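Peer 1: need a structure here:
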Amino acid sequence: MRSTTVPWVVWLLLGLLAYTHLHALGSAGYTGYCVVTVYPDGGVMLEYRLSVEGAPANITLRVPRDAIYVSVSDSGDPAPYSYDEARGLLSFTTFTGRVSVRVYTLGLTSKEGAIWRLQLGTVDLETLVALPGEALVVSVEPRDFGVRLVNNTLHLVFKPGSTVRVEYTLIPATPPAPPPGQAAPTTTVKEAPTTWLLLALGALALLAVAGALLLRARRGASRLVEVATVEEALDERDRLILETLKNMGEATAPTLQKATGIPKTPLYRKLEKLEKMGLIESEWRGGVKVYRVKPGKHT
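Peer 2: Below you'll find the predicted structure:
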């Protein structure tokens with residue numbers, strides 16, 4: 001009677017395959033950096049540029065949760081991926097070892113009064129943060145950050161393992177010069193650097209006071225929102241989005257933008273609001289979210 005024992009060579013090969021697969025899924029399988037671009041409306045684009053060792057390999061990358069847009073390219077070619085929205089995990093396979101991942105989200109910034117806050121949490125890679133051009137930095141954590149000029153844009157540079165939090169405010173843009181034939185702007189006298197510093201500190205103090213007052217007002221208003229009905233919490237744009245989704249059945253954000261005329265960023269914020277209220281639901285298809293009215297909701 002012949003033995004059915006599996007030869008030790010087969011077990012060795014299976015073990016090597018399992019080890020290779022598990023090793024590729026670990027964070028040690030790649031190096032690189034992340035460029036974070038913050039827009040004036042609070043939207044954030046993260047671009048991960050990775051170099052993967054031992055390609056082809058399977059990679060699992062930690063990215064922001066509740067992303068609006070995700071794309072993965074392998075040496076410039078689109079690559080399939082799996083995105084766990086609840087845990088913020090992005091899985092994909094690279095065959096060349098040169099990967100670019102782009103993630104757009106509205107969930108990394110918040111605003112209180114005139115102060116914006118960017119919170120990235122603990123970063124796994126070297127991270128370069130570019131704030132809007134009109135941003136004035138209020139505070140940065142951690143304090144041992146660097147500064148780098150990339151393509152004429154100033155970036156704050158954070159080491160891997162840093163817990164990143166940046167507070168800033170947006171200063172008004174300089175008004176354009178009047179067209180020919182109109183009165184020229186009043187000539188201003190250049191102040192000394194010390195005077196400008198005092199003015200800036202005074203402005204920040206005023207912004208802090210205004211922010212505290214606005215926060216107090218919002219906290220008072222939140223009590224009213226708690227007892228408000230769903231009907232009262234919806235504005236004209238909310239109703240337009242719901243009505244459009246009811247008529248279309250389901251749609252992506254770009255399709256809704258064309259159908260409703262609501263600008264991109266306000267539309268995304270409205271969709272996020274309606275989803276949190278439980279009036280609509282979404283699912284990922286081919287890298288984009290598809291929205292629809294939640295069954296049983298006819299507000």
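Peer 1: hey, what's residue 147 bridged with?
Peer 2: residue 156 (DSSP bridges).
Peer 1: surely it touches residue 153?
Peer 2: No. Contact between residue 147 and residue 153 fails when scored by Cβ atoms under 8 Å: they sit 11.3 Å apart. Where you see a C-beta, it was placed from the backbone N, CA and C, and this is true even at glycine.
Peer 1: higher neighbour count, these two?
Peer 2: Using other Cβ atoms under 10 Å as the criterion, residue 147 and residue 153 rank with residue 153 on top: 13 against 9.
Peer 1: pLDDT value on that one, please?
Peer 2: Residue 153 is assigned 89 on the pLDDT scale.
Peer 1: likewise residue 178?
Peer 2: Reported pLDDT for residue 178: 57.
Peer 1: now swap in residue 103 and tell me
Peer 2: pLDDT at residue 103 comes out at 93.
Peer 1: that one: what's it in contact with?
Peer 2: Shown in contact with residue 103 (Cβ atoms under 8 Å, 6 or more residues apart in numbering): 45, 46, 48, 63, 64, 67, 69, 70, 90.
Peer 1: now the helices for the stretch 101-250 of the chain?
Peer 2: 193-227, 230-233, 236-248 (DSSP state H, counting those that start in this stretch).
Peer 1: got phi/psi on the closest residue to residue 278 other than its chain neighbours?
Peer 2: Spatial nearest neighbour of residue 278, chain neighbours left out: residue 294 (6.3 Å); criterion: Cβ to Cβ, 6 or more residues apart in numbering. Dihedral pair for residue 294: phi -70, psi 140, per degrees, to the nearest 10.
Peer 1: returning to that earlier point: and the contacts of residue 103, which are buried?
Peer 2: Listed as buried from the contacts of residue 103 are 46, 48, 63, 64, 67, 70, 90; burial here means 16 or more other Cβ atoms under 10 Å.
Peer 1: state the distance from the last one to residue 33.
Peer 2: In this structure, residue 90 lies at 16 Å from residue 33, with Cβ to Cβ, to the nearest Å as the measure.
Peer 1: also the fifth one?
Peer 2: Taking Cβ to Cβ as the criterion, residue 67 is separated from residue 33 by 19 Å.
Peer 1: likewise for residue 138?
Peer 2: On the measure of Cβ to Cβ, residue 138 and residue 33 end up 25 Å apart.
Peer 1: now swap in residue 238 and tell me
Peer 2: 39 Å.
Peer 1: now do residue 296, the pLDDT please.
Peer 2: 74.
Peer 1: wait, I meant residue 275
Peer 2: At residue 275, pLDDT is 85.
Peer 1: quick one: contacts for residue 284?
Peer 2: For residue 284, counting by Cβ under 8 Å, 6+ apart, the contacting residues are 70, 83, 85, 290.
Peer 1: who's in contact with the residue nearest to residue 278?
Peer 2: 278, 279, 280, 281.
Peer 1: now restrict these to buried residues only.
Peer 2: 279, 280.
Peer 1: flag the least confident of the contacts of residue 294.
Peer 2: residue 278 (85).
Peer 1: follow-up on the earlier one: can you redo the contacts of residue 103 as TSV with pLDDT?
Peer 2: Listed next are the contacts of residue 103 as TSV, based on pLDDT from 0 to 100:
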residue	pLDDT
45	93
46	95
48	96
63	94
64	93
67	88
69	87
70	91
90	94
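Peer 1: next, residue 295: phi, psi?
Peer 2: The phi/psi pair for residue 295 (degrees, to the nearest 10) is phi -50, psi 130.
Peer 1: next, count neighbours for it.
Peer 2: 7.
Peer 1: please report the distance of it from residue 238.
Peer 2: 19 Å.
Peer 1: now residue 72, which residues is it bridged with?
Peer 2: Going by DSSP bridges, residue 72 forms beta bridges with residue 101.
Peer 1: ok, it touching residue 90?
Peer 2: Yes. When contacts are counted by Cβ under 8 Å, residue 72 is listed as touching residue 90 (7.3 Å).
Peer 1: common neighbours of those two, please.
Peer 2: With Cβ under 8 Å, 6+ apart as the test, residue 72 and residue 90 both reach 81, 101.
Peer 1: neighbours of residue 109, how many?
Peer 2: Residue 109 - counted by other Cβ under 10 Å - has 18 other residues nearby.
Peer 1: and if you look at residue 282?
Peer 2: 21.
Peer 1: got a list of what it touches?
Peer 2: Contacts of residue 282 by Cβ under 8 Å, 6+ apart are 271, 275, 289, 290, 291, 292.
Peer 1: try it again at 6 Å.
Peer 2: 289, 291 (Cβ atoms under 6 Å, 6 or more residues apart in numbering).
Peer 1: fine by me, thanks again.
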